[in-house]
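Engineer: sequence? don't have it. structure:
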């Protein structure tokens with residue numbers, strides 16, 4: 001299982017997020033013209049921790065997680081639910097029990113995107129940065 005799949009499983013299993021966004025949690029990109037509110041996340045970078053002689057068995061994946069909503073209150077509620085679900089989490093994540101050692105969630109940075117189609121409704125956005133430290137196998141060299 002990849003950390004991306006584990007993140008998806010972890011977020012979609014949360015009852016509060018399900019109440020707030022339904023099934024609209026998307027890896028990488030949301031469908032064009034999708035209904036609000038929704039969450040989009042993607043892995044921005046991965047770093048593999050090392051000791052002097054070999055890998056440590058730990059890696060860190062940095063995620064960007066964006067919340068899109070029709071109101072500021074909705075955006076804040078979803079951001080709060082994300083924080084509760086991710087910040088400080090350690091343990092099995094996802095259906096295949098991905099071994100997460102630590103998770104931190106920074107932000108959000110709140111913005112408002114004016115409508116681009118002539119309507120009166122813009123989009124409220126919250127951008128989060130998450131770091132997930134997880135166990136990984138270390139290759140052995142003969």
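Structural biologist: Sure, I can see it. Since the model is a prediction, treat every value here as computed from it, not as a measurement.

Engineer: am I right that residue 127 sits in a helix?
Structural biologist: No: in this structure, residue 127 is strand, not part of a helix, as judged by DSSP: H, G, I helix; E, B strand; the rest coil.

Engineer: what residues are bridge-paired with it?
Structural biologist: Beta-bridge partners for residue 127, by DSSP bridges, are residue 66, residue 109.

Engineer: residues contacting it?
Structural biologist: When contacts are counted by C-beta atoms under 8 Å, 6 or more residues apart in numbering, residue 127 touches 64, 65, 66, 67, 107, 108, 109, 111. Placement of C-beta: from N, CA and C, glycine included.

Engineer: looking at these, spot the one nearest residue 44.
Structural biologist: Closest to residue 44 out of these is residue 64 (5.2 Å), distances taken as C-beta to C-beta.

Engineer: shouldn't that closest one be within a strand?
Structural biologist: Yes: judged by three-state DSSP, residue 64 forms part of a strand.

Engineer: scan the contacts of residue 127 and report the most crowded one.
Structural biologist: residue 67 (28 neighbours; other C-beta atoms under 10 Å).

Engineer: before we move on, the earlier item: residue 5: which of the contacts of residue 127 is nearest?
Structural biologist: Residue 5 lies nearest to residue 65 out of the contacts of residue 127, by C-beta to C-beta, at 15.3 Å.

Engineer: which residues touch the closest one?
Structural biologist: Contacts of residue 65 (C-beta under 8 Å, 6+ apart): 39, 40, 41, 82, 105, 127, 128, 129, 130.
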